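*Asks:* sequence and predicted structure, then a few things I'm wondering about:
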Amino acid sequence: MKRARGDRVFWLLAFFSSLSVIVMFTLLFYELLSNSVPIWKDGMSFITGMVWDPLKGLFGAFPFIYGTLLTATFAILLSTFLGVGIAIFLSEIAPSSLRVIISSIIELIAAIPSVIIGLWGIFVLAPFVRDNLQPLLQHLSFIPLFSGKTLSGLSMLTAILVLTFMVTPIVAAIAREALLMVPEDLKEALYSLGATRYEVVRHVCIPYARQGIFGGVILGYGRALGETMAVTMVIGNTPSISASILNPGYTMAAVIANEFTEATGDVYLSALIGIALLLLLISLAVNLVGRMIVWKWQQEG
Amino acid sequence: MAARRLKDNALTIYSILSLVVIAIPLLHIIATTLINGAQSLTPEFFTSLPKPPGEEGGGVANAIQGTAILVALTMLISVPAALLTAIYLSEFPESRLRDLIRLLNDTFMGTPSIVAGVFAYTLLVTKFGFSALAGAFALSVLAVPMMVKTMEEALKLVPTDIREAGLSLGIRHWRVVTSIVLRTAMPAIASGVLLTVARISGETAPLLFTAFGNPNFATGILEPVSALPLMIYVYAISPYPDWHRKAWGASLVLMIAVLTINLITKYKLRRR
Amino acid sequence: MKKGMKMTSIAILISLALLFAGCAGGGEGERITITGAGATFPYPLIAKWADEYDKITGGKVSINYQSIGSGGGIRQITAKTVDFGASDAPMKPEEFEKAKGILHIPETIGAVVIAYNLPIEGRLKLSGEVLADIYLGKITRWNDRRIAELNPDIELPDKEIIVVKRADGSGTTFIFTDYLSSVSKEWEEKVGRGKVFSFPEAIGNRGVQAKGNEGVTAVIKQNPYSIGYIELAYAIQNDVSFALLKNKAGNFVDANVGTVAAAAASAAGKLPRGDESWYGVSIVNADGENAYPIASFSYILVYKDLDYMPEQKAKALVEFLKWMVTDGQKYAEALHYVPLPEEVMERNLETISMIKW
């Protein structure tokens, strides 16, 4: 009997702590939803609203959704391109003595707190964007993407770069792991047929590792969407919808960080909590979709 | 043939360029932090409280204390919760509920850190005021899912034979788990915990409206506290050159701490 | 190695716990922490008070003031998450209704200056109308004819104006928009008075927003050809140039203790009681030959009934408030704030005596 009791207590403890995951999850949604009720009264107009002007009582979340998606999407595109390149270098091209050192350094760099990257963003990157990068990009000003102008260096472009620097190590580390899982004999077989490294990478490594790479990309995208500090510090915090990444912008996380403690009035506060809820939903949806795609590939493969 | 070689070279150039393009800014961040931060690292920096704006001198002792309190509290809350959850997920029979918990936990890992801050604010701060505890709660919302994941993986790596051997000797299930399975998985669990410590000690966003900041030493967990990342943020956007120097100094301290924890974990794991 | 790993992690956790315990036990006796939050405008002064008061009480009472913006001060004191709030703008009638029993205690007078970053000799001169048109986006370049007319002796650069404003809810913004509304009809109609406002469309990508007086000052310092509004103390401490402003009497005046006091003199004698609404109290664009036109009281907000906090703390808070409006005033001038006139100080002591616990 004694034995059964010990085991039962053990089970109960484990059971209830794991139930706490469900409880917290429910509570999180409940808190965000119940505290943002006033803003959902007009339903979709909160999400599609183009104007954020608390003084006039106008709360449109679209500029923030736009800024968040734009910066995170550009950042993840750049990060995927660069991260996969780094992963290929580390798994296929670099001499083996360098591989471990470089990949360790990259993993370490991924651990640098974002507020430090933001600090560097303010004092180093923003002036660089303003004085060096912008004059270059102005030659491309016929493209709407580069048509604007940042006078301060605080811009969506700066935010995109900061996010890219933060997310690429994550993508690279995961993509490298995926590439290392490619069976050696598969590669050897192709090499023995006289294939070049490009052909092996293109026809064996990438197709074989795409699941893992994609997983890393999704993880990085989630990180970029929710990143707060580094972005808040460099994006210029202007709720406008501009096609040009040289203009300042604003993200969902940044507006919460800036305005949350000082929002007066119930509607204002509920609008910010509503934005938090939207940000949570977008992040979780990205996570889930990524998981489902990976899961589907696993089924097929 | 020429085309094939060209493509091959293009691949090499692309991969090396990718590394260079990312390595330069990242190494620049580290170098800038080192150079700018090193000047402020005096003994006073670690032991004194900040001076009012405009007065030179003072330190960040309050932020160092705050970060220690927040990390310790967060671990106190989240290590037991995460460990028991991971045990439930890996040591008890599969069920629908377990799949649900695992799915929710995985989903939870995508919670943006600022949202955790909002959550802690509406749940705790509105009722009990700004406090270290509210900050630790917000950090726990981020820490628990990460730890559940790594701990469950660590437990799963323990060979099933060990458990079966224990059970067949008539040892009780809870004893098998606590003294055999946990012990075997301990290095991996510990490294998961340490990496989480490194990760949350650099978090700023969840603390903005929970821990709130404090220019003095905190005397209890129900009081507001400062934290290194919080201080870096506030000092970085300030106009005082002296505060900028302190922000770099605090960044260096934080960076060294975070990288050291990562290195320890990595080094120990590789030697396993 | 397994053991080593375990030992390391245990050692780290223990040292954290010890550090934590050490700190928690560190405050000998009854140390009381009073938490306040709000305006960034008086932050340097309140931080100075906190530092001095800590010394006076021998570390018994510590003041933790976080500058999160005036909007935040009002929000947090209404929610009672802090012990006192601070705001540069008096509470609006609907805010006043929600925070039953709130008291307004003006604790200092400050001036908002128009800071700029320009490679020019001499001080820039501006008028309210020109300033309003810069912020309305009607004047876009530094060498605009209307700026040049005010500054015949200065060679103005042919550059676009970077217009900086606050990103957060701010009393400084309230004072600034209060002033612009009082000098420009168009501003009053299109934008209005408030702790926040949105840049008119015409500003476009020339606009930058930053958090806090600190943030705006930092952006101005980092960006040539920018203009922004900040508290006087921030401008002086950070060596930022600021413009001479044309006042109601038509004189170009500098912002300093004398000119701001001249503005405050216009309001003394017609102030409401501490527990009444202070909405409408304004000293912008004041009369007087020498009055600086963008000035304002800054308020401490505290409840009349402090029975929701421990008695010890309530007592300490009241003592601190009394010290602040009397002896504490002597620290104001060195930090470029204006000490309270006698009448205001007496009104404050009356107000503080209403507090019950």
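*Replies:* Good, I have the coordinates.
*Asks:* give the contact list for residue C:187.
*Replies:* Contacts for residue C:187 (C-beta atoms under 8 Å, 6 or more residues apart in numbering or on different chains) come out as C:132, C:135-136, C:177, C:180-181. All C-beta atoms are positioned from the backbone trio N, CA, C, and that covers glycine.
*Asks:* centre-most residue in chain A?
*Replies:* Nearest to the mean C-alpha position of chain A, counting by C-alpha atoms, centre = their mean, stands residue A:224 at 1.9 Å.
*Asks:* distance of it from chain C?
*Replies:* 21 Å (C-beta to the nearest C-beta, to the nearest Å).
*Asks:* so which of the contacts of residue C:187 sit within helices?
*Replies:* C:132, C:135-136, C:177, C:180-181 (DSSP state H).
*Asks:* and of the residues you listed, the nearest to chain B?
*Replies:* Taking C-beta to the nearest C-beta as the measure, residue C:135 is the one of the ones in helices among the contacts of residue C:187 closest to chain B, at 20.9 Å.
*Asks:* tell me where the chain is predicted with low confidence.
*Replies:* Went with chain A since none was named. Along chain A, segments meeting pLDDT under 70 span A:1-3, A:298, A:300-301.
*Asks:* chain B is the one I meant
*Replies:* Short version for chain B, where the test is pLDDT under 70: B:1, B:269-272.
*Asks:* what about the helices in it?
*Replies:* Going by DSSP H, chain B shows helices at B:2-38, B:43-47, B:61-91, B:96-108, B:113-120, B:126-128, B:132-156, B:160-168, B:173-175, B:182-201, B:228-236, B:241-271.
*Asks:* near residue A:49, how many other residues are there?
*Replies:* Residue A:49 has 17 neighbouring residues, counting by other C-beta atoms under 10 Å in any protein chain shown.
*Asks:* spatially nearest residue to it, not counting backbone neighbours?
*Replies:* Spatially, and ignoring its direct neighbours in sequence, residue A:49 is nearest to residue A:60 (2.2 Å; C-beta to C-beta, 6 or more residues apart in numbering or on different chains).
*Asks:* among the helices of chain B, which is the most enclosed?
*Replies:* Ranked by mean neighbour count under mean count of other C-beta atoms under 10 Å in any protein chain shown, these are led by helix B:113-120, which reaches a mean of 29.
*Asks:* need the longest helix for chain A.
*Replies:* Per DSSP H, chain A has its longest helix at helix A:266-300.
*Asks:* count the neighbours of the residue of the stretch 201-301 of chain A found nearest chain B for me.
*Replies:* Nearest residue of the stretch 201-301 of chain A to chain B: residue A:226, at 2.7 Å (C-beta to the nearest C-beta). Residue A:226: 26 surrounding residues under other C-beta under 10 Å.
*Asks:* likewise residue C:333?
*Replies:* With other C-beta under 10 Å as criterion, residue C:333 counts 11.
*Asks:* what ranges does the chain have for its strands?
*Replies:* Here I'm looking at chain A. Ranges of strands within chain A are A:52-53, A:58-59, based on DSSP state E.
*Asks:* my bad, the chain I had in mind was chain C
*Replies:* For chain C, the strands defined by DSSP E cover C:32-38, C:61-67, C:84-87, C:102-117, C:125-126, C:162-166, C:207-210, C:226-231, C:241-242, C:244-246, C:252-253, C:295-303.
*Asks:* Throw the contacts of residue C:187 into TSV and include neighbour count, thanks.
*Replies:* Below are the contacts of residue C:187 laid out as TSV (neighbours: other C-beta atoms under 10 Å in any protein chain shown):
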residue	neighbour count
C:132	23
C:135	27
C:136	20
C:177	27
C:180	27
C:181	20
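*Asks:* next, format those residues as TSV and append pLDDT and distance to chain A.
*Replies:* Converted to TSV, the contacts of residue C:187 look like this (pLDDT from 0 to 100; distance: C-beta to the nearest C-beta, whole Å):
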residue	pLDDT	distance to chain A
C:132	97	16
C:135	97	14
C:136	96	15
C:177	95	9
C:180	96	13
C:181	95	12
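*Asks:* so for residue C:122, what's the pLDDT?
*Replies:* Note on residue C:122: pLDDT of 91.
*Asks:* and it, backbone torsions?
*Replies:* Note on residue C:122: backbone dihedrals following degrees, to the nearest 10 are phi 80, psi 170.
*Asks:* interface residues of chain C facing chain A?
*Replies:* Proximity of chain C to chain A (C-beta under 8 Å from any C-beta of the partner chain) is limited to residues C:37, C:68-76, C:78, C:94-95, C:160, C:162, C:167-170, C:191-192, C:194-199, C:205-211, C:218-219, C:222-223, C:225-226.
*Asks:* circling back to that earlier point, count the residues that sit near the residue nearest to residue A:49.
*Replies:* Count around residue A:60 with other C-beta under 10 Å applied: 19.
*Asks:* settle this for me: it is touching residue A:50, isn't it.
*Replies:* Yes: contact criterion C-beta atoms under 8 Å: residue A:60 and residue A:50 qualify, at 5.2 Å.
*Asks:* thinking again about what came up before, can you give me the distance of the residue nearest to the centre of chain A to residue B:20?
*Replies:* When distance is defined by C-beta to C-beta, to the nearest Å, residue A:224 is 22 Å away from residue B:20.
*Asks:* please apply the same query to residue A:198.
*Replies:* 20 Å.
*Asks:* in the stretch 151-272 of chain B, which residue sits closest to chain A?
*Replies:* Residue of the stretch 151-272 of chain B nearest chain A, by C-beta to the nearest C-beta: residue B:202 (2.6 Å).
*Asks:* and the gap between the closest residue in space to that residue that isn't next to it in sequence and residue A:149?
*Replies:* Nearest residue to residue B:202, sequence neighbours excluded (C-beta to C-beta, 6+ apart): residue A:113, at 2.6 Å. For residue A:113, the distance to residue A:149 equals 31 Å [C-beta to C-beta].
*Asks:* how far does stretch C:180-193 sit from the chain's center?
*Replies:* What separates the centre of stretch C:180-193 from the centre of its chain is 21 Å, taken as C-alpha atoms, centre = their mean, to the nearest Å.
*Asks:* and it, how far apart are its ends?
*Replies:* For stretch C:180-193, the first-to-last residue distance is 8 Å (C-alpha to C-alpha, to the nearest Å).
*Asks:* in it, what's buried?
*Replies:* Using 16 or more other C-beta atoms under 10 Å in any protein chain shown as the test for burial, stretch C:180-193 gives C:180-184, C:187-188, C:191, C:193.
*Asks:* okay, the ones in helices among the contacts of residue C:187 in TSV with distance to residue B:57 next?
*Replies:* Converted to TSV, those look like this (distance: C-beta to C-beta, whole Å):
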residue	distance to residue B:57
C:132	42
C:135	38
C:136	44
C:177	37
C:180	39
C:181	42
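*Asks:* ok, those residues vs residue B:155, which is closest?
*Replies:* Proximity of the ones in helices among the contacts of residue C:187 to residue B:155 (C-beta to C-beta) peaks at residue C:177, which lies at 59.8 Å.
*Asks:* what count of nearby residues applies to the residue nearest to residue B:202?
*Replies:* Residue A:113 is flanked by 25 other residues according to other C-beta under 10 Å.
*Asks:* which ones are touching it?
*Replies:* Neighbours of residue A:113 in contact, by C-beta under 8 Å, 6+ apart: B:201-204, B:229, B:254-255, B:258.
*Asks:* change it to 6 Å
*Replies:* Counting by C-beta atoms under 6 Å, 6 or more residues apart in numbering or on different chains, residue A:113 touches B:202, B:229, B:254.
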